[in-house]
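>>> Got a sequence here, can you build the structure:
(2 chains)
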Amino acid sequence: MLSSSAAAAPAKRRAPARVLPGFKITLGYTLMYLFLIVLIPLSALVFKTFTLTWDQFWAAVTGPRVMASYRLTFGASLIAALVNVVFGLLVAWVLVRYQFFGKKVVDALVDLPFALPTAVAGISLTALLAGNGWVGQYLEPMGIQLAFNPNGIVIALIFIGLPFVVRTVQPVLEDAEKELEEAATCLGASRWQTFTRVIFPSIAPALLTGFAMAFARGMGEYGSVIFIAGNMPMISEITPLIIIGKLEQYDYAGATAVATVMLVISFILLLVINGLQTWQRRHSGAPV
Amino acid sequence: MSSPIIRRAEAGTTEAAWVRYTLVGITLVFLFLFLVLPLAAVFAEAMRKGFDAYWEALKEPDAWSAICLTLITALIAVPLNLVFGVAAAWCIAKYEFKGKSVLTTLVDLPFSVSPVVAGLVYVLMFGAQGWFGPWLQEHDVKVIFAVPGIVLATVFVTFPFIARELIPLMQAQGNEEEQAAIVLGATGWQTFWYVTLPNIKWGLIYGVILCNARAMGEFGAVSVVSGHIRGQTNTMPLHVEILYNEYQSVAAFAVASLLALLALVTLVIKSVAEWRHEREMKAIGNLPPENVKAAPLDLSLKAAS
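Numbering: from 1, shown residues only, chains lettered A, B, ... in the order given. Coordinates of the predicted model:
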């Protein structure tokens, strides 16, 4: 069964290449545009890096301030992505499984971080969490400071990353088959057992994909973070800000070196996300 | 008569009422804190000194030129990425070829590159010390610290939006309808215009407005290439930053409120497009494969139940 359908599929898919026109022109245009806008400019970064000697490069990317910024960017993105996994799953679950007043509005609002410019999110979160802000004024007497330190960075990254997790998990939950849960209940599983043993394994790949996307976005995020971070060297200075700082001092070589490190990290994350998505597709396709 | 049976069946696949209410409650509180409050804060801060101060801040010539530059940038970047998105989706979704998965990954690449790095690569290409820097200086063309650089950086950052929406949609729809059109004698262009486009229109609108929102709101990439010249190379987000750093809080939030408004409009259009698309998909799904006449009956039953 499986092998015959697998053999039939490529033949069926290959046929249109002969029928539908426009393959060469659209592929040609796509490649040209991709090279002009993305690949050639990115290669400029790589070539510029190769003009540095290894020692120069190493000194630029491992300076103490730069190392501190890697730790901060990585740590804050990781914490924010983990928080988003928990709350993203909760939001997706509630939106898919329960009915409540205003659900459609809430569903639409989840995309706000995609639509709201990052700079606006940055100044707004700062205004909220600063000592005289709506939220900050209650937290400060308790000794909790969420603005102008690494906590603020985590908050900004939670805001930025939330829709990634919700929007990857939501469709998988929607497609989940209720029959499996019914079967689990019939076999005597409690609701919690059904969730951990039946539902969770089926959404785990999507959850991991959403985590990776939120994490990747957090690593590169700039606009929302710089307003709330306070930007103190060694303490709350993120890696993209290091690049900007070096550029402002006309240290193009140093900026390029750090940017190359970031580009390599984003390449790796992109490949990981792609692998996860392929896994997710197979995972969801397998039981059928 | 059937209700107790249904209730018992549901009991196996849903949670106790208190669990449901708790989960919904936590979700709403979380979303209120993280989404509603920041949005409300923008408008509240903008109006803190009254409507007149708000209006004054928006009437300022620098703010006005920032608005114009943002609109121009989006007007160039979005159509460019629209044409690319449709072309890329057509060749990726409709055909099989070697290296297709590599191409799909590369289309996604700008999503995962930090905006600051995106700005930097254009500085390395067109900046004074860049590849084309000397040539551009000779011919007195300014790209970096000028409008072309801003547009290029914006195009880079918004590059995948429309393609990303269209590729899965067109893959799911398959080729049958287009093939039928071609076999019936339609040209390629007619096929696209009358068959493909109506099928993908909601996805296309969705992609375009998300692309537009990002194009108007981009900060990191544009900040690297713009040079922050007031009244000349300041887009709205950059203008917000300058005002904010000058402690002109009301003015900063006034300009920011326009961007927040843009975000709200984006969400509304997005939701409408989504609901329309869903309804159309449902209507198609409800059509019995052969007996098309039965469709209205089927739909009305669905609506009644």
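
>>> ok, the residue of the stretch 1-150 of chain A found nearest chain B - contacts?
Closest to chain B within the stretch 1-150 of chain A is A:P117: 2.6 Å, counting by Cβ to the nearest Cβ. C-beta here means a position set from N, CA and C on the backbone, and glycine is covered the same way. By Cβ atoms under 8 Å, 6 or more residues apart in numbering or on different chains, the contact set of A:P117 is A:G223, B:A213, B:M216, B:G217, B:E218, B:F219, B:M236, B:P237, B:A256, B:L259, B:L262, B:A263.

>>> quick one, phi psi at it?
phi -60, psi 140 (degrees, to the nearest 10).

>>> do A:D111 as well
According to degrees, to the nearest 10, A:D111 has phi -80, psi 0.

>>> neighbours around A:E181, how many?
19 (other Cβ atoms under 10 Å in any protein chain shown).

>>> was I right about it contacting A:F200?
No: between A:E181 and A:F200 there is no contact under Cβ atoms under 8 Å: 11.6 Å.

>>> Convert stretch B:24-34 to PDB, retaining C-alpha atoms only.
The C-alpha coordinates for stretch B:24-34 follow below in PDB (Å, rounded to 0.1, in the frame of the first residue of the first chain):
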ATOM      1  CA  VAL B  24      -9.200  30.300  30.600                       C
ATOM      2  CA  GLY B  25      -8.600  32.600  33.500                       C
ATOM      3  CA  ILE B  26      -4.800  32.300  33.500                       C
ATOM      4  CA  THR B  27      -4.700  32.700  29.700                       C
ATOM      5  CA  LEU B  28      -6.800  35.900  29.800                       C
ATOM      6  CA  VAL B  29      -4.700  37.400  32.600                       C
ATOM      7  CA  PHE B  30      -1.500  36.500  30.800                       C
ATOM      8  CA  LEU B  31      -2.700  38.000  27.500                       C
ATOM      9  CA  PHE B  32      -4.000  41.000  29.300                       C
ATOM     10  CA  LEU B  33      -0.700  41.700  30.900                       C
ATOM     11  CA  PHE B  34       1.500  40.900  27.900                       C
END
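
>>> tell me the contacts of A:I123?
Contact analysis of A:I123 by Cβ under 8 Å, 6+ apart lists A:F227, B:V42, B:V240, B:Y244, B:A252, B:F253, B:A256.

>>> which residue packs closest to the last one, ignoring adjacent ones?
Taking Cβ to Cβ, 6 or more residues apart in numbering or on different chains as the measure, B:A256 lies nearest to A:V120, with 4.4 Å between them; neighbours along the chain are not counted.

>>> what kind of secondary structure is A:P21 in?
Under DSSP: H, G, I helix; E, B strand; the rest coil, A:P21 falls in the coil class.

>>> Overlap in contacts, A:E181 and A:F200.
Common neighbours of A:E181 and A:F200, counting by Cβ under 8 Å, 6+ apart, are absent.

>>> re earlier: tell me how far the helix or strand containing the residue nearest to B:A256 lies from the chain's centre.
Using DSSP states H and E, A:V120 maps to helix A:118-129. Distance of helix A:118-129 from its chain centroid, counting by Cα atoms, centre = their mean, to the nearest Å, is 20 Å.

>>> Heading C-terminal from that helix, find the next helix or strand.
Next helix or strand after helix A:118-129 toward the C-terminus (DSSP H and E): helix A:136-139.

>>> Which residues outside that next one are in contact with it?
With Cβ under 8 Å, 6+ apart as the criterion, helix A:136-139 contacts A:L128, A:L129, A:A130, A:G131, A:Q145, A:L146, A:A147.

>>> quick revisit: what is the neighbour count of the closest residue to the residue of the stretch 1-150 of chain A closest to chain B other than its chain neighbours?
Distances taken as Cβ to Cβ, 6+ apart place B:G217 nearest to A:P117, at 2.6 Å, with adjacent residues excluded. Look at B:G217: counted by other Cβ under 10 Å, it has 31 neighbours.

>>> what does the one 3 residues further on give?
When neighbours are defined as other Cβ under 10 Å, B:G220 has 28 of them.

>>> Tell me how far the residue lying closest to it once chain neighbours are set aside lies from B:V222.
Spatial nearest neighbour of B:G220, chain neighbours left out: B:P115 (3.0 Å); criterion: Cβ to Cβ, 6+ apart. According to Cβ to Cβ, to the nearest Å, B:P115 stands 8 Å off from B:V222.

>>> Please say which of those two ends up with more neighbours.
Between B:P115 and B:V222, B:V222 has the larger neighbour count (other Cβ under 10 Å), namely 32 against 25.

>>> give me the number of residues near B:V141?
B:V141 has 12 neighbours, counted by other Cβ under 10 Å.

>>> So for residue 81, what pLDDT did the model give?
No chain was given, so I picked chain A. Note for A:A81: predicted pLDDT of 97.

>>> oops, chain B please
B:N81 is given a pLDDT of 96.

>>> So the strand or helix carrying it, near chain A or not?
Element membership for B:N81 (DSSP H and E) is helix B:61-94. Yes: using Cβ under 8 Å from any Cβ of the partner chain, helix B:61-94 comes into contact with chain A via B:V83, B:F84, B:A87, B:A88, B:W90, B:C91, B:I92, B:K94.

>>> same for that helix, what does it pack against?
For helix B:61-94, the elements it packs on are helix A:23-34, helix B:100-112, helix B:147-158, helix B:161-173, helix B:197-217, helix B:236-245, helix B:249-286, judged by 3 or more Cβ pairs under 8 Å, 6 or more residues apart in numbering or on different chains; DSSP states H and E.

>>> Give me the contact list for the fourth one.
When contacts are taken as Cβ under 8 Å, 6+ apart, the neighbours of helix B:161-173 outside the stretch itself are B:81-82, B:84-86, B:88-90, B:92-94, B:104, B:107-108, B:111, B:196, B:199-200, B:203-204, B:206-208, B:210-211, B:214.

>>> which parts of the following helix or strand past it are buried?
Going down the chain from helix B:161-173, the next helix or strand is helix B:176-183, by DSSP H and E. The neighbour-count check on helix B:176-183 (16 or more other Cβ atoms under 10 Å in any protein chain shown) flags B:E178, B:Q179, B:A181, B:I182 as buried.

>>> likewise stretch A:250-263?
A:Y252, A:A253, A:G254, A:A255, A:T256, A:A257, A:V258, A:A259, A:T260, A:V261, A:M262, A:L263.

>>> For the second one, report the pLDDT, please.
Per-residue pLDDT puts A:A253 at 90.

>>> you'd agree it is up against A:A60?
Yes: using Cβ under 8 Å, A:A253 makes contact with A:A60 at a distance of 6.7 Å.

>>> Mutual contacts of the two, please.
What both A:A253 and A:A60 touch, as defined by Cβ under 8 Å, 6+ apart, is the set A:L52.

>>> Could you tell me which residues of the stretch 201-305 of chain B lie near chain A?
Counting by Cβ under 8 Å from any Cβ, the stretch 201-305 of chain B sits next to chain A at B:210, B:213-214, B:216-220, B:223-224, B:236-238, B:240-241, B:244, B:249, B:252-253, B:256, B:259-260, B:262-264, B:266-268, B:270-271.

>>> Kindly supply the PyMOL command isolating those of those residues that are buried.
In PyMOL syntax, the buried subset of these is picked out as below (16+ other Cβ under 10 Å):
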select buried, chain B and resi 210+213+214+216+217+218+219+220+223+224+236+237+238+240+241+244+249+252+253+256+259+260+262+263+264+266+267+270+271
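
>>> Flag the shaky bits of the stretch 1-150 of chain A, pLDDT-wise.
A:1-19 (pLDDT under 70).

>>> Columns neighbour count on top of the residues of helix B:61-94 next to chain A, output as CSV?
Output for the residues of helix B:61-94 next to chain A, formatted as CSV (neighbours: other Cβ atoms under 10 Å in any protein chain shown):
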residue, neighbour count
B:V83, 13
B:F84, 23
B:A87, 22
B:A88, 29
B:W90, 26
B:C91, 23
B:I92, 24
B:K94, 23
